[in-house]
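S.K.: Below is the sequence, then the predicted model.
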Amino acid sequence: MADCVFCDIVAGDAPAYRLHETDRTLAFLDIEPLNPGHALVMPKPHRETLTEMDEDLVADTFRSARVVAKAIETAFDPDGLNLLQANGEAAGQEVFHAHVHVLPRYEDDDVEVSWPAGELTEAEATEVAEKIQSAL
């Protein structure tokens, strides 16, 4: 896709520190890492969001994310890992080519991934569940 930096990376037209590659996925270091080892895993074909990917491409992408996560655990021995995926600007997506962040975490890092907990009444939970179930 024109004007997609991730497509340029796949094509070899933009630089990246490539970590892992399959015929359908590519993993590389994030150029603005939150911690050392912060990596991105993406499908090679351009898909803007997770929900635009077919099931097999989603599986391939998360399979590669697992491979990279294990390598990060071996290389950096972090206290934990976050796998983060955002769909759309409102969710924080900045590059509109689907990707998963594999983020090593440490007890003393200043990275925050949090949100205020909400509450659902029994009636609200039933209504929300029914809407999702009917969309499946």
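M.R.: Arrived safely. Everything numeric in this text was worked out from a predicted model, so none of it was measured. Residues are numbered from 1 along each chain as shown.
S.K.: the helices in the chain, which residues?
M.R.: 5-11, 55-76, 122-135 (DSSP state H).
S.K.: Switch those helices over to CSV, and while doing so, append mean pLDDT, distance to Asp109 and mean neighbour count to every line.
M.R.: All C-beta spots, glycine's among them, are computed from the backbone N, C-alpha and C. Shown next, in CSV, are these (pLDDT from 0 to 100; distance: least, Cβ to Cβ, whole Å; neighbours: other Cβ atoms under 10 Å):
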stretch, mean pLDDT, distance to Asp109, mean neighbour count
helix 5-11, 97, 26, 17
helix 55-76, 98, 12, 16
helix 122-135, 94, 33, 9
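S.K.: Which among the ones you listed is found nearest to Glu112?
M.R.: Closest to Glu112 of these is helix 55-76 (Cβ to Cβ; 19.6 Å).
S.K.: Output the contacting helices and strands for the closest one.
M.R.: strand 18-21, strand 25-29, strand 39-43, strand 80-84, strand 100-105 (3 or more Cβ pairs under 8 Å, 6 or more residues apart in numbering; DSSP states H and E).
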